[in-house]
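**Student:** The sequence and its predicted three-dimensional model are supplied below.
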Amino acid sequence: MLVTGSAGCTGGDAGVQGTPGAAGLRDPLFPKLGNGGYDVRHYGLTLGYDPATGRLKGTAEITARATQDLSAFHLDLRGLTVHGATVDGAAAATNRAGDELTVRPRDDIEKGAKFRTVIRYSGTPRPVTNPDESQEGWLASEGGALAVGEPTGSSTWFPGNHHPSDKATYDIEVTVPAGLKAVSNGELTSERTRGGKTTFVWRSKQPMAGYLATLAVGDFRVASSRTPAGLPVITAVDPAVAEDSAELLGRIPEFMKWGTENFGPYPFSSTGAIVVPTDEVAYALETQSRPVFPQEQFNEPTLVHEIAHQWFGNSVSPASWQDIWLNEGFATYAEWLWAEEADGTPAEESYEEAFADDENWAFPPADPPGAEDIFARPVYMRGAMVLHKVREAVGDERFFSIVKGWAAKYRHGNATTDDFTAYVEKESGKDLTELWDVWLYGEEKPARP
């Protein structure tokens, strides 16, 4: 997918009159996130990190296709110093304004052309404090670091189009002091030690939204195995929590088998987990193929939740952050389904408990009021209630067929709430307008029938 300058860019004599790509995608909740005018196909990240200094040095090679005639384009990048840029091998001008990096190539880029941008950068990455006061992005720790990026934090450690609607494949090469491990998404393709430093190369062959990229650097115990079906299982655990995590880590194949039976074929080429001390991160996150867990939250329901996200959120990703209930509602309902099958707790009982909690009725799940609400309880619990009402409306056989079909239809893509409601009605043959109006968009808690 790499191209030469003559293929991707055209000088003024050829008559291309490009315009700058948009600096944001006007997401309903994060309007400045993402960039217009191009579609990223692949990220090649070459990184060096020294925990002793906290310094990160990086080169990002971004292969993209222009969706309009481009005279300039934007990349999301928080902090860090840019040392230079090229587009198809030719030097390009750059400009910084807040969290936006503008790149102006020597020649305009034709619509439909593939082009390769290389950004050289370095600095001390900082975490992001979100509107709900949680921290994400680059989380430095004593002797290491952890990168988690939902919803915007991935821009703290590499430049790119960080809106979930622009998914790409990844190669992440990381060099760290010898004795430390660097663990990322996908599969490890090489590891070499030279001159007191070790380089790890990770490859994600399936498309991934930027917020799902992760990097864990530290003194990890890394283990590789396979499920009975042959799927690689790669786990990384901080030694301080290894003993307490061992039993549940060993059950990952069991959860994968259950997920495949209920949701359809697993969408990625490996699975696993990263487990760290609780003081390093305050929440679990469904980072693609390798979810991250603080020890305090590494338990059976949370593992089920994050594994379910591999289908719902990671493979079928939200078209905008307003659609996040499609991630969290499905993952929460997966917890209810697991409890129903493994513990004998009917999903109806989980539904009744959620229905009775007034905190779950603060706003409709398909319409979070603001960015600070995307991780609020209605997104999770009321989102799961929507799915339970669909199950009641269409019956178990049709419901589970719809769940698998939804995961298959939008596999490795993006979907909206409207896509979901249309799909359910088409597959069930039912007009569910009243259900959507009350449970998905309704402002008030409905009366019990």
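**Tutor:** Right, received. Where do you want to start?

**Student:** dump the residue contacts of the nearest residue to Ala362 once chain neighbours are set aside.
**Tutor:** Distances taken as Cβ to Cβ, 6 or more residues apart in numbering place Pro378 nearest to Ala362, at 5.4 Å, with adjacent residues excluded. Yep, even glycine has a C-beta here, placed from its N, CA and C like the rest. Pro378 makes contacts with 359-365, 368, as judged by Cβ atoms under 8 Å, 6 or more residues apart in numbering.

**Student:** let's see it at 6 Å
**Tutor:** By Cβ atoms under 6 Å, 6 or more residues apart in numbering, the residues touching Pro378 are 360, 362-363, 365.

**Student:** got those as CSV, with distance to Ala229 and secondary structure columns?
**Tutor:** Below are the contacts of Pro378 laid out as CSV (distance: Cβ to Cβ, whole Å; DSSP: H, G, I helix; E, B strand; the rest coil):
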residue, distance to Ala229, secondary structure
Asn360, 37, helix
Ala362, 41, coil
Phe363, 41, coil
Pro365, 34, coil
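
**Student:** Drop anything exposed from these.
**Tutor:** 360, 363, 365 (16 or more other Cβ atoms under 10 Å).

**Student:** Next, format those as CSV and append distance to Ser428.
**Tutor:** Compiled in CSV, the buried ones among the contacts of Pro378 are given as follows (distance: Cβ to Cβ, whole Å):
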residue, distance to Ser428
Asn360, 25
Phe363, 26
Pro365, 20
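
**Student:** Same list (those residues) but as a markdown table, adding distance to Ser270 and pLDDT.
**Tutor:** A markdown table is the format used below for the buried ones among the contacts of Pro378 (distance: Cβ to Cβ, whole Å; pLDDT from 0 to 100):
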| residue | distance to Ser270 | pLDDT |
| --- | --- | --- |
| Asn360 | 35 | 97 |
| Phe363 | 37 | 98 |
| Pro365 | 31 | 98 |
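
**Student:** quick revisit: next one, pLDDT for the residue nearest to Ala362 please.
**Tutor:** With respect to pLDDT, Pro378 scores 98.

**Student:** what does the one 3 residues further on give?
**Tutor:** The predicted local confidence for Met381 comes out at a pLDDT of 98.

**Student:** Check Val403 too.
**Tutor:** Value listed for Val403 in the pLDDT field: 98.

**Student:** same check, this time on Ser6
**Tutor:** pLDDT recorded at Ser6 is 34.

**Student:** got it, and the one 5 residues further on?
**Tutor:** pLDDT recorded at Gly11 is 44.

**Student:** Where do the strands of the stretch 151-300 of the chain begin and end?
**Tutor:** For the stretch 151-300 of the chain, the strands defined by DSSP state E, counting those that start in this stretch cover 168-177, 181-184, 187-194, 197-208, 215-218, 221-226, 232-237, 271-276, 292-294.

**Student:** What separation do you get for the closest residue to Tyr266 other than its chain neighbours and Phe268?
**Tutor:** The shortest distance from Tyr266 to any non-neighbouring residue, by Cβ to Cβ, 6+ apart, is to Thr260 (5.5 Å). Per Cβ to Cβ, to the nearest Å, Thr260 is found 12 Å from Phe268.

**Student:** if you count what's nearby, which of these two comes out ahead?
**Tutor:** Higher neighbour count among Thr260 and Phe268: Phe268, with 22 against 16, using other Cβ atoms under 10 Å.

**Student:** what kind of secondary structure is Tyr43 in?
**Tutor:** strand (DSSP: H, G, I helix; E, B strand; the rest coil).

**Student:** In contact with it, which residues?
**Tutor:** 62, 168, 170.

**Student:** roughly how far apart are the closest residue to it other than its chain neighbours and Val241?
**Tutor:** Ranked by Cβ to Cβ, 6+ apart and with sequence neighbours excluded, the top spatial neighbour of Tyr43 is Tyr170, at 4.9 Å. Distance, Tyr170 to Val241, using Cβ to Cβ: 27 Å.

**Student:** Give the residue from these two that has the larger number of neighbours.
**Tutor:** Tyr170 (25 against 20).

**Student:** partners of the more buried one in the sheet?
**Tutor:** Counting by DSSP bridges, Tyr170 is bridged to Tyr43, Ser204.

**Student:** Please apply the same query to the one 4 residues further on.
**Tutor:** Counting by DSSP bridges, Val174 is bridged to Leu47, Phe200.

**Student:** count of neighbours near it?
**Tutor:** 24.

**Student:** Go ahead and confirm it touches Phe200.
**Tutor:** Yes. Using Cβ atoms under 6 Å, Val174 makes contact with Phe200 at a distance of 5.2 Å.

**Student:** Show me the common contact partners of those two, please.
**Tutor:** If you check Val174 and Phe200 against Cβ under 6 Å, 6+ apart, the residues they both contact are Ala182.

**Student:** so Glu335 sits in a helix?
**Tutor:** Yes. Checked against three-state DSSP, Glu335 lies within a helix.

**Student:** picking up where we left off before, let me have the contacts of Tyr43 in a markdown table, adding distance to Ile307 and pLDDT as columns.
**Tutor:** Output for the contacts of Tyr43, formatted as a markdown table (distance: Cβ to Cβ, whole Å; pLDDT from 0 to 100):
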| residue | distance to Ile307 | pLDDT |
| --- | --- | --- |
| Ile62 | 30 | 98 |
| Ala168 | 23 | 98 |
| Tyr170 | 20 | 98 |
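
**Student:** With respect to Asp431, which of those is nearest?
**Tutor:** For those, the minimum distance to Asp431 (Cβ to Cβ) is 38.1 Å, reached by Ala168.

**Student:** Give me the distance between the closest one and Met385.
**Tutor:** Distance of Ala168 to Met385, given as Cβ to Cβ: 34 Å.

**Student:** cool, Ser155 as well?
**Tutor:** 33 Å.

**Student:** where along the stretch 1-150 of the chain do the helices fall?
**Tutor:** 5-8 (DSSP state H, counting those that start in this stretch).

**Student:** where does it dip in pLDDT?
**Tutor:** 1-16 (pLDDT under 70).

**Student:** residue boundaries of the strands in it?
**Tutor:** Under the criterion DSSP E, counting those that start in this stretch, the stretch 1-150 of the chain contains strands at 9-10, 19-20, 38-50, 55-66, 70-76, 81-87, 90-91, 93-97, 100-104, 108-109, 114-123, 127-129, 135-141, 144-148.

**Student:** Ok, the stretch 301-449 of the chain next?
**Tutor:** Ranges of strands in the stretch 301-449 of the chain, per DSSP E, counting those that start in this stretch, are 316-318, 413-415.

**Student:** Please identify the deepest-packed of those strands.
**Tutor:** Mean neighbours per residue, mean count of other Cβ atoms under 10 Å, is largest over the strands of the stretch 301-449 of the chain for strand 316-318, with a mean of 25.
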